[in-house]
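>>> A structural model of the following input is requested.
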Amino acid sequence: MPLSQIEIGKRCRIKGVTGDDAVRHRLGALGFVEGMEVEIVAEVGGNFVVGVLGSRVAVDGALAKRILV
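Just a heads-up that it's a prediction; the model follows:
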């Protein structure tokens, strides 16, 4: 299931990231790697604020669809 379909306030583990190498590398650098626990903090205009590695990261809807949980 894509991260974009998770309810606000819910925690989940990343099962994988889809896309080309550049997309996977960029998301990996932000902490979005397989096995990492993340939390959906908020959704604003189709974009998401995600808690990962003790920080909050803004992710647009298209990237959130590439993060599988």
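
>>> name the surrounding residues that touch stretch 57-65.
Outside stretch 57-65, the residues within contact range by CB atoms under 8 Å, 6 or more residues apart in numbering are 2-4, 23, 27, 30-31, 46-51, 67. Where C-beta positions appear, they are placed from N, C-alpha and C, glycine not excepted.

>>> try 7 Å this time
Residues outside stretch 57-65 that contact it (CB atoms under 7 Å, 6 or more residues apart in numbering): 2-4, 27, 30, 46-50.

>>> CA atoms only: put the biggest strand by length in the chain into PDB for me.
Identified as the longest strand of the chain according to DSSP state E is strand 37-44. What follows is strand 37-44, C-alpha atoms only, in PDB (Å, rounded to 0.1, in the frame of the first residue of the first chain):
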ATOM      1  CA  GLU A  37       9.200   3.200  10.800                       C
ATOM      2  CA  VAL A  38       7.500   6.400   9.700                       C
ATOM      3  CA  GLU A  39       4.400   8.400  10.900                       C
ATOM      4  CA  ILE A  40       2.000  10.500   8.900                       C
ATOM      5  CA  VAL A  41       1.900  13.800  10.800                       C
ATOM      6  CA  ALA A  42      -0.300  15.800   8.400                       C
ATOM      7  CA  GLU A  43      -1.600  16.200   4.900                       C
ATOM      8  CA  VAL A  44      -1.800  19.600   3.300                       C
END
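
>>> list the pairing partners of it within its sheet, with orientation.
Pairing partners of strand 37-44, with direction, according to DSSP bridges: strand 11-13 (antiparallel), strand 47-52 (antiparallel).

>>> after the first one comes which helix or strand?
Stepping forward along the backbone from strand 11-13, the first helix or strand reached (DSSP states H and E) is strand 16-17.

>>> tell me how far that following strand is from the chain's mean position?
Remark: strand 16-17 is offset 9 Å from the chain centroid, using CA atoms, centre = their mean, to the nearest Å.

>>> and the helix or strand just after that strand, what does it pack onto?
Next helix or strand after strand 16-17 toward the C-terminus (DSSP H and E): helix 21-29. Here helix 21-29 touches no other helix or strand, going by 3 or more CB pairs under 7 Å, 6 or more residues apart in numbering; DSSP states H and E.
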